[in-house]
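*Asks:* This is the structure alone, sequence omitted:
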């Protein structure tokens, strides 16, 4: 298994006490390196702008980069969610976060390697022309479009178990039957999207989790509302938006999963990939804001990714 990451992703600064902080990535890398998992680390490359434009108009990307300050930090949104911040080092972090997914696609398709992208900023809240929820570029959406364009992949499934709904990913693929998006998320909660009646063209599957949901109920809902329709779709590739903020320790939500639940979730996804997708899976880091929970859950996730290779 390959892990893409880069030191530039540590330089992205969102302000003191901001939950999306460099320590998240530091704890992940430390946890992986101290584990007995056999993985190969690679540096995330810079994504090319023409690849970004598979999802985001060039003018939109230019506007983001033109707003990067020379000093300090600046928000790109208005209240009440004015916490998507740019700093002087944002450009390289954004480009490498997305570039990791492109390199992962190449490794997946040419070497049959499963890949985890341990990068920040995350991506699943980024809409076509809107940065949102700590996200500027939708890393997983760009990867999906790249797979379709370069490798002629017909059907892509995106499975998102971050506790916050991936409004960006849903918006990008809402009318595209070639991409199925399945999400489990607490509702109501930021960003306020992800109701069960948001179904796109029959390709969007939203699984609602009530505050206080525990492991047993979660797995029942996830199996029925997300995994079953994904399996019926029979995707050629599965991409995972891997957020770990449904953990009971996470400060930004109210779901009560254990670290080991992320092994179970991932193993079930891999079983679908083995049955229908030639085992092809790429995972992208999204949320998760308690460092202990994040470190533990990442290891369980990677163990799940390595099953049946």
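*Replies:* Received, thanks. Owing to the predicted nature of the structure, the values given are computational and were not obtained by experimental measurement.
*Asks:* Please identify which helix or strand holds residue 284.
*Replies:* Assigned by DSSP states H and E, residue 284 belongs to strand 281-285.
*Asks:* can you give me the strands for the stretch 151-300 of the chain?
*Replies:* All strands of the stretch 151-300 of the chain, identified by DSSP state E, counting those that start in this stretch, fall at 156-160, 179-186, 204-209, 237-242, 281-285.
*Asks:* For residue 130, list the residues it contacts.
*Replies:* residue 168 (CB atoms under 8 Å, 6 or more residues apart in numbering). Quick note: C-beta positions are derived from backbone N, CA and C, even for glycine.
*Asks:* ditto for residue 280
*Replies:* Here residue 280 is in contact with 108, 109, 112, 114, 236, 237, 238, 273 (CB under 8 Å, 6+ apart).
*Asks:* got those residues as TSV, with distance to residue 169 and pLDDT columns?
*Replies:* Listed next are the contacts of residue 280 as TSV, based on distance: CB to CB, whole Å; pLDDT from 0 to 100:
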residue	distance to residue 169	pLDDT
108	19	97
109	21	97
112	25	88
114	20	95
236	18	98
237	15	98
238	14	98
273	18	97
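*Asks:* and the residues you listed, which two are the farthest apart?
*Replies:* Across the contacts of residue 280, no pair lies farther apart than 114 and 236, at 14.9 Å, counting by CB to CB.
*Asks:* Can you give me every residue that contacts the most centrally placed residue in the chain?
*Replies:* By CA atoms, centre = their mean, the chain has its centre lying nearest to residue 241, at 2.9 Å. Taking CB under 8 Å, 6+ apart, we find residue 241 in contact with 123-124, 140, 158-162, 166, 169, 183, 284, 286.
*Asks:* Which single one of these is nearest to residue 246?
*Replies:* Residue 246 lies nearest to residue 161 out of those, by CB to CB, at 6.7 Å.
*Asks:* So in terms of bridging, what pairs with the nearest residue to that closest one once chain neighbours are set aside?
*Replies:* Excluding the flanking residues, the one nearest residue 161 by CB to CB, 6 or more residues apart in numbering is residue 184, at 5.3 Å. Assessed by DSSP bridges, residue 184 has beta-bridge partners residue 207.
*Asks:* Next, count neighbours for residue 184.
*Replies:* Residue 184 has 29 neighbouring residues, counting by other CB atoms under 10 Å.
*Asks:* distance of it from residue 242?
*Replies:* The gap separating residue 184 from residue 242 is 12 Å, by CB to CB, to the nearest Å.
*Asks:* Identify the contacts common to these two.
*Replies:* residue 161.
*Asks:* what are the ranges of the helices in the protein?
*Replies:* Ranges of helices within the chain are 22-33, 49-52, 58-66, 90-111, 139-151, 167-173, 215-222, 228-233, 261-276, 291-305, based on DSSP state H.
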